[in-house]
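J.: Below is the structure, and that's it, no one-letter string:
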């Protein structure tokens, strides 16, 4: 029963984990499709090379494969739960997906308290304690075989014979009646016996020694079960702490990588980074989100195991129970709010509370200037790109123009050190 409870919990959490991983995979594909659309426009405009578009398309194919794997993992998780529940695999089956939010502070019962409670309720400990009690009784029985035993027995009996005559000496006498025979043939006996073990001493003593050895073995088994239980609880306790710390670290990592990916995506859109940098940033974010989900459900499972050892029923959330108890109150509040919002909207539109009039604004005709500011992303490209290079290489000793200056044909732009040519 214990194994079934933990197996069901693990299978249920595995479905929740794979479901969230599927959502992450779908979101990643959505982002990639948007980026493909943007990159295609930039390639057509000549801002980005076609190789960047091919890189993004290849990444989309990889993410399509990851999506298929996520869907398959979710299907296998459902199959695992169906097999535990002994439900046919073709049965339509859907679990509830509660909103699980971890607390900001670590809330775990100390392992010593968990063990003190578990040792009194765990069936494997109770079974070992019953084995110890049984071994103790076996020792007492074996010890009793070494002592003399006094027994007493007694009995009473009678019989009836259809040939029994009233007189033993006269064969012609009548048959003795039934009740007379019952009364005449009645007999009683009482015996006492004293048994002193003399010649069976070795076998009785051997049986006692074997019973004592069995009692010691049962006690060792009990201590071993307790030690295994303590070890398991302490291990789950420290695993839960480590999972919680890992979750918080991954949470910070995901938040940082989200901002980093957003910045990289903006730079990629204007051609400041290549497709390889974009893919690496997205891969890091996806991996961090996967690690965050894995740490989250690992922590939840470890805490539920500790609750199980405490005898607490395994539940993922209690808010839903409160909502179900007060569902009619909540439904009434929602309906009231909806009605009020509707009335406010209708009043603003003039449907209620105002006369049905139409307002018209009148203004004299005049000539005005309309200014519209347009913001656009991209690179500023020169109308004509001219590359300037000397016929003779050397050290530039004087530069007569600055960046942004306008030059004319025949104008001196720079001087090269002539010493090396004069020497030559």
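T.: Ah, there it is. Quantities reported herein were computed from a predicted structural model and do not represent experimental measurements.
J.: which other helices and strands contact the helix or strand hosting residue 234?
T.: Using DSSP states H and E, the element containing residue 234 is helix 201-269. Applying 3 or more C-beta pairs under 8 Å, 6 or more residues apart in numbering; DSSP states H and E, one finds that helix 201-269 makes contact with helix 2-45, helix 111-121, helix 123-144, helix 275-309. Quick note: C-beta positions are derived from backbone N, CA and C, even for glycine.
J.: Of the ones you listed, flag the one that's most buried.
T.: helix 275-309 (a mean of 19; mean count of other C-beta atoms under 10 Å).
J.: closest to residue 92 out of the helices and strands packed on helix 201-269?
T.: helix 2-45 (14.8 Å; C-beta to C-beta).
J.: now the closest one against helix 275-309, angle please.
T.: With axes from the mean of the first three to the mean of the last three C-alpha atoms, to 10 degrees as the basis, helix 2-45 and helix 275-309 are set at 160 degrees to each other.
J.: next helix or strand past helix 2-45?
T.: helix 50-84.
J.: Give the rounded mean pLDDT of that next one.
T.: Per-region confidence: helix 50-84 scores 83 on mean pLDDT.
J.: For it, enumerate the helices and strands it packs against.
T.: Partner elements for helix 50-84 (3+ C-beta pairs under 8 Å, 6+ apart): helix 2-45, helix 275-309.
J.: need the contact list for the residue nearest to the spatial centre of the chain.
T.: The centre of the chain sits closest to residue 297, judged by C-alpha atoms, centre = their mean, with a distance of 3.0 Å. Contacts for residue 297 (C-beta atoms under 8 Å, 6 or more residues apart in numbering) come out as 13, 14, 16, 17.
J.: same thing but 6 Å
T.: 13, 17 (C-beta atoms under 6 Å, 6 or more residues apart in numbering).
J.: Residue 239 now?
T.: Residue 239 neighbours (C-beta under 6 Å, 6+ apart): residue 302.
J.: repeat that with 8 Å
T.: 298, 302 are the contacts of residue 239 under C-beta under 8 Å, 6+ apart.
J.: Before we move on, what's the pLDDT of it?
T.: For residue 239, the predicted pLDDT is 85.
J.: Now do the contacts for residue 303.
T.: Contact partners of residue 303, counting by C-beta under 8 Å, 6+ apart, are 108, 240.
J.: actually residue 192, not the one I typed
T.: If you count contacts by C-beta under 8 Å, 6+ apart, residue 192 has them with 150, 151, 152.
J.: Wait, the second one touches residue 190, no?
T.: No - at 12.0 Å, residue 151 does not count as touching residue 190 under the criterion of C-beta atoms under 8 Å.
J.: Now, of the contacts of residue 192, which are buried?
T.: For these, a neighbour count by 16 or more other C-beta atoms under 10 Å gives an empty buried set.
J.: from those residues, which ones fall inside strands?
T.: The strands, defined by DSSP state E, take in 150, 151, 152 from the contacts of residue 192.
J.: okay, these in a markdown table with pLDDT and distance to residue 209 next?
T.: Listed next are those as a markdown table, based on pLDDT from 0 to 100; distance: C-beta to C-beta, whole Å:
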| residue | pLDDT | distance to residue 209 |
| --- | --- | --- |
| 150 | 85 | 26 |
| 151 | 87 | 26 |
| 152 | 91 | 31 |
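J.: Just give me the closest of these to residue 363.
T.: Here the nearest of those to residue 363, counting by C-beta to C-beta, is residue 151; it sits at 127.4 Å.
J.: Please tell me how far that closest one sits from residue 195.
T.: According to C-beta to C-beta, to the nearest Å, residue 151 and residue 195 sit 7 Å apart.
J.: Next: residue 66.
T.: Per C-beta to C-beta, residue 66 is found 82 Å from residue 195.
J.: In terms of neighbours, single out the busier of those two.
T.: A direct count of neighbours by other C-beta atoms under 10 Å for residue 66 and residue 195 places residue 66 higher, at 16 against 11.
J.: For that one, which residues are in contact?
T.: Neighbouring residues of residue 66 by C-beta under 8 Å, 6+ apart: 25, 28.
J.: how about a cut-off of 7 Å?
T.: residue 25 (C-beta atoms under 7 Å, 6 or more residues apart in numbering).
J.: remind me which residues of the stretch 251-400 of the chain are low pLDDT?
T.: 270-271, 313-332, 344, 346-362, 372-394 (pLDDT under 70).
J.: Just give me how far the helix holding residue 234 sits from the chain centre.
T.: 16 Å (C-alpha atoms, centre = their mean, to the nearest Å).
J.: now swap in stretch 175-187 and tell me
T.: Here stretch 175-187 shows a centroid-to-chain-centroid distance of 85 Å under the convention C-alpha atoms, centre = their mean.
J.: My read is that residue 145 contacts residue 207, right?
T.: Yes - Residue 145 is within contact range of residue 207, at 6.4 Å (criterion: C-beta atoms under 7 Å).
J.: which among the contacts of residue 192 gets closest to residue 22?
T.: Closest to residue 22, out of all of the contacts of residue 192 and judged by C-beta to C-beta, is residue 151, at 77.5 Å.
J.: Give the closest residue to that closest one in space, chain neighbours not counted.
T.: residue 193 (4.9 Å; C-beta to C-beta, 6 or more residues apart in numbering).
J.: Would you agree the one you found falls within a strand?
T.: Yes - under DSSP: H, G, I helix; E, B strand; the rest coil, residue 193 sits within a strand.
J.: Just the pLDDT at it, thanks.
T.: pLDDT, residue 193: 87.
J.: Same list (the contacts of residue 192) but as a markdown table, adding distance to residue 310.
T.: Shown next, in a markdown table, are the contacts of residue 192 (distance: C-beta to C-beta, whole Å):
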| residue | distance to residue 310 |
| --- | --- |
| 150 | 54 |
| 151 | 53 |
| 152 | 55 |
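J.: which one among these gets closest to residue 90?
T.: Using C-beta to C-beta, the contacts of residue 192 come closest to residue 90 at residue 151, 68.7 Å.
J.: now that closest one: how far from residue 194?
T.: When residue 151 is compared with residue 194 (using C-beta to C-beta), they lie 8 Å apart.
J.: again with residue 173
T.: For residue 173, the distance to residue 194 - C-beta to C-beta - is 46 Å.
J.: do residue 144 as well
T.: From residue 144 over to residue 194 (counting by C-beta to C-beta), the distance is 15 Å.
J.: Measure how buried residue 202 is and give me the count.
T.: So residue 202, with other C-beta under 10 Å, has 8 neighbours.
J.: backbone phi and psi for residue 108, please?
T.: phi -130, psi 140 (degrees, to the nearest 10).
J.: Confirm for me that it is in contact with residue 240.
T.: Yes - under the criterion of C-beta under 7 Å, residue 108 makes contact with residue 240 at 5.5 Å.
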